[in-house]
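# The sequence and its predicted three-dimensional model are supplied below.
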Amino acid sequence: MKSWVALALALPASAAWAGPANVVVRSGQVRDQTIAIPPLMRARAYSLSFSVAPPAAFGSRSRVEVSLAQGSATLLHKTLHVGDSGLFAVFHAAGAGPVSFTVSISSPLSAAARYRLQVSRWPEAPGIHRAPSGHEQLPAHVAAAAPAGAGSVAFPPMPEAAGSGQDSGAWRRRKAQVGVG
């Protein structure tokens, strides 16, 4: 234990990892609202956490739509429901400037609930580079529904590929190789 403490004290301050910085932390009653987020910096990594408590406030038909937008660009969107009452995502700002987070109750909650919103900016990591997600190679309707990081997962061939000589079982073998599903 002492050797870890000595090592930590010996590192220069610039070598210490600062961790994420909070851009906004808010909480309150769940209701239709738009929350202004201070301006974000282009190409920086951010995380957003939004949760509703208690989860039991969601009835079987309750739905709450949440979205993060910067100008006309929607950065994040999710429908919260009884089986999934929160959102966590890592994203990059579309550009420099202000952002808004919208909460919209599309189907009433069964009880009063509170939310917690936290947006954090992550420190730059010089050794880590952003790569394309691979979504640009997917048909638009699939790319829109694909989760973050899904660009490396093989999807089944589209119906128009049937009879084209493609091996329709290839995607199943790839799926098994990467351990998906």
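Received, thanks. Residues are numbered from 1 along each chain as shown.
# Give the residue spans of this structure that score low on pLDDT.
For the chain, the stretches flagged by pLDDT under 70 are 1-17, 125-181.
# Can you spell out the domain ranges of this structure, please?
19-121, 135-178 (automatic domain parsing).
# Check these for me and report the most buried one.
Mean neighbour count (mean count of other C-beta atoms under 10 Å) peaks for domain 19-121 among the domains of the chain, with a mean of 15. Any C-beta I mention is one placed from the backbone N, CA and C, and that applies to glycine too.
# all strands of this structure, in order?
Using DSSP state E, the strands of the chain run over 21-29, 33-40, 45-53, 63-70, 73-80, 86-92, 97-107, 114-121.
# List the contacts of the fourth one.
Think strand 63-70. Residues outside strand 63-70 that contact it (C-beta atoms under 8 Å, 6 or more residues apart in numbering): 30, 37, 40, 48, 50, 52, 58, 74-81, 87, 91, 93-95, 97-107, 109.
# again with the longest one
Around strand 97-107, the neighbours that count as contacts under C-beta under 8 Å, 6+ apart are 30-40, 48, 50, 61-71, 75, 79, 93, 115, 117, 119.
# What strands flank that strand, and is each parallel or antiparallel?
If you go by DSSP bridges, strand 97-107 pairs up with strand 33-40 (antiparallel), strand 63-70 (antiparallel).
# what angle separates that strand from strand 21-29?
Strand 97-107 runs at 30 degrees relative to strand 21-29, counting by axes from the mean of the first three to the mean of the last three C-alpha atoms, to 10 degrees.
# any idea of the angle strand 97-107 forms with strand 86-92?
Counting by the same axes, to 10 degrees, strand 97-107 lies at 150 degrees to strand 86-92.
# Repeat that for the last one.
Taking the same axes, to 10 degrees, one finds strand 114-121 and strand 86-92 inclined to each other by 20 degrees.
# what's strand 114-121 packed up against?
strand 21-29, strand 33-40, strand 45-53, strand 97-107 (3 or more C-beta pairs under 8 Å, 6 or more residues apart in numbering; DSSP states H and E).
# So which of those strands is nearest P123?
Closest to P123 of the helices and strands packed on strand 114-121 is strand 21-29 (C-beta to C-beta; 7.7 Å).
# What would the closest one look like as PDB? C-alpha coordinates only.
Extracted in PDB, the C-alpha atoms of strand 21-29 (Å, rounded to 0.1, in the frame of the first residue of the first chain):
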ATOM      1  CA  ALA A  21     -15.800  18.100 -15.200                       C
ATOM      2  CA  ASN A  22     -19.500  18.800 -14.600                       C
ATOM      3  CA  VAL A  23     -21.100  21.100 -17.100                       C
ATOM      4  CA  VAL A  24     -24.500  20.900 -15.500                       C
ATOM      5  CA  VAL A  25     -26.100  19.000 -12.600                       C
ATOM      6  CA  ARG A  26     -29.900  19.500 -12.100                       C
ATOM      7  CA  SER A  27     -32.700  17.700 -10.400                       C
ATOM      8  CA  GLY A  28     -36.400  18.400  -9.900                       C
ATOM      9  CA  GLN A  29     -39.900  17.200 -10.500                       C
END
